[in-house]
Each structure stands twice: as structure tokens, then as C-alpha cells.
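K.L.:
Test case, fold it:
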Amino acid sequence: QVQLVESGGGLVQAGGSLRLSCVASGRAFSTYTMGWFRQAPGKEREFVAAISRTYGSTYYADSAKGRFTISRDNAKNTVYLQMNSLKPEDTAVYYCAARKGAAGTSMVSEYDYWGQGTQVTVSF
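P.N.:
This next block holds a predicted model:
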């Protein structure tokens with residue numbers, strides 16, 4: 001069982017930056033693929049980025065490439081999402097997720113554990 005707690009959301013102007021953090025409970029953090037997803041009002045939850053268990057390989061949605069960076073610190077049981085050049089269309093609740101299997105999937109259903117989410121609002 002893994003519990004995930006996100007933080008770092010907030011209100012930022014377009015072009016600004018935010019760094020989201022997600023702290024995981026438990027001792028097996030390094031064995032989980034970690035991902036970030038987001039859900040805007042009236043839309044389905046969508047994949048943003050993921051980082052693999054072993055080598056830290058990273059995967060990004062097209063909307064995140066070149067602007068967002070996912071990273072992890074296994075010693076701190078923490079995964080981060082650095083978001084730069086934010087746009088109003090990035091406004092959403094951002095969720096941290098953990099997957100027992102390998103990375104390389106962007107499907108919501110493939111992740112086993114979820115945090116409660118943190119709101120990111122980007123103003124014009």
C-alpha cells in the first residue's frame with residue numbers, strides 16, 4: 001500500500017513556473033513507476049509525465065514536452081514536476097500516481113495508487 005500526498009499547486013500568471021512535489025509513504029518507493037496526471041473541469045484525466053523505477057527514464061505527453069520536467073529522489077520518497085512556461089490551458093488538478101509495473105504507459109487504469117490532487121491555476 002502506498003499513500004501519496006501532493007503539494008506545490010497554486011495560482012500563477014501565464015509564462016510562470018511551479019514545482020509540484022509528491023511524497024510517498026512506505027519503504028518500496030524506488031520499486032514504483034511514478035507519474036503525473038491532470039484533470040481540467042469537464043475533461044477526462046490525462047497523462048502528463050512519468051519516470052521509471054530503475055534508470056529514471058522519463059516520458060512526457062506532447063503538451064508537456066520542452067516545458068515540464070519530472071524527477072524523483074528515492075532517498076526522500078519524492079517525485080517532482082517542474083513546470084515552466086505555463087499556459088492557461090495547463091489549469092487543472094494535478095495528480096501524482098504510482099504504478100507497480102514498468103513505465104511506458106500513459107493509461108490512467110494502469111496506475112495503482114493516487115494522491116488527492118493539487119490545484120494549478122494559470123491566469124492570462
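K.L.:
Point to the residue nearest the middle of this protein.
P.N.:
Centroid check for the chain by C-alpha atoms, centre = their mean gives Trp36 as the closest residue, at 2.1 Å.
K.L.:
Assess the claim that Thr118 and Ser7 are in contact.
P.N.:
Yes: with contact defined as C-beta atoms under 8 Å, Thr118 reaches Ser7; the gap is 6.2 Å. For every residue, glycine as well, the C-beta is placed using N, CA and C.
K.L.:
Which of these two has more residues huddled nearby?
P.N.:
Neighbour count, other C-beta atoms under 10 Å: between Thr118 and Ser7, Thr118 has more, with 22 against 13.
K.L.:
Can you tell me, leaving aside adjacent residues, what's nearest to the more buried one?
P.N.:
Among residues not flanking Thr118 along the chain, Gly9 sits closest, at 3.4 Å (C-beta to C-beta, 6 or more residues apart in numbering).
K.L.:
try Thr78
P.N.:
Val23 (5.2 Å).
K.L.:
on that earlier part again, and the residue nearest to Thr118, what does it touch?
P.N.:
Counting by C-beta atoms under 8 Å, 6 or more residues apart in numbering, Gly9 touches Leu18, Leu20, Tyr94, Thr118, Gln119, Val120.
K.L.:
rerun that using 6 Å as the cut-off
P.N.:
Thr118, Gln119, Val120 (C-beta atoms under 6 Å, 6 or more residues apart in numbering).
K.L.:
Please tell me how far it sits from Ser57.
P.N.:
Per C-beta to C-beta, to the nearest Å, Gly9 is found 26 Å from Ser57.
K.L.:
Thanks a lot, catch you later.
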